[in-house]
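K.L.:
can't give you the sequence, but here's the structure:
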């Protein structure tokens, strides 16, 4: 009986240790690797690659990325999305409009204008209890990466 209890305790300890190791490994992923492993940002990753921004978003940062999901990109008509993916300059402008310098956690977000890496500000607002980035709703916050933080949004935001 005592041996069985010791084995259970050892097994439980190993499970906790393995879970902690996995959590630490996840924290070491940068913004790009985190987006790739999530599986719901395939279009965003493709766009980042097409725009030549992979090295930047794998850089030291820190960055805050308002990341549109694949469903958000699907709201853009296919012909317009295809054209955007082929226009590297316009694509870079759209993608960098989703990036803010520094790691801004959800608790630190306040309504107002937020400067982007692209140059034009995003408008942050709270409507009916939802945080909005321009017209996009923030659906998940504070995905911490090794070089910043990702907040998931439900639409692609476009600069003027």
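P.N.:
Yep, it's here. From a predicted model like this one, the values you see are computed outputs, not experimental measurements.

K.L.:
low-confidence ranges, the protein, go.
P.N.:
Low-confidence segments of the chain, defined by pLDDT under 70, span residues 1-27.

K.L.:
mind redoing it with 50?
P.N.:
Along the chain, segments meeting pLDDT under 50 span 1, 3-4, 6-26.

K.L.:
top strand in the protein by residue count?
P.N.:
Longest strand in the chain by number of residues (criterion: DSSP state E): strand 136-145.

K.L.:
does anything pack onto that one? Which helices or strands?
P.N.:
With contacts taken as 3 or more Cβ pairs under 8 Å, 6 or more residues apart in numbering; DSSP states H and E, strand 136-145 sits against helix 31-38, strand 63-68, strand 130-133, strand 148-153. (Each C-beta comes from the backbone N, C-alpha and C, glycine too.)

K.L.:
what sits up against it?
P.N.:
Under the contact criterion Cβ atoms under 8 Å, 6 or more residues apart in numbering, strand 136-145 has outside partners 27, 29-31, 33-34, 38, 66, 68-69, 72, 103, 105-106, 130-132, 149-157.

K.L.:
need the contact list for residue 118.
P.N.:
93, 94, 96, 97, 99, 159.

K.L.:
for residue 46, state which of the residues you listed is nearest.
P.N.:
The closest of these to residue 46 turns out to be residue 94 (Cβ to Cβ; 13.1 Å).

K.L.:
any idea how far the helix or strand that contains the closest one is from the chain center?
P.N.:
Using DSSP states H and E, residue 94 sits within helix 88-96. Between the centre of helix 88-96 and the centre of its chain there are 17 Å (Cα atoms, centre = their mean, to the nearest Å).
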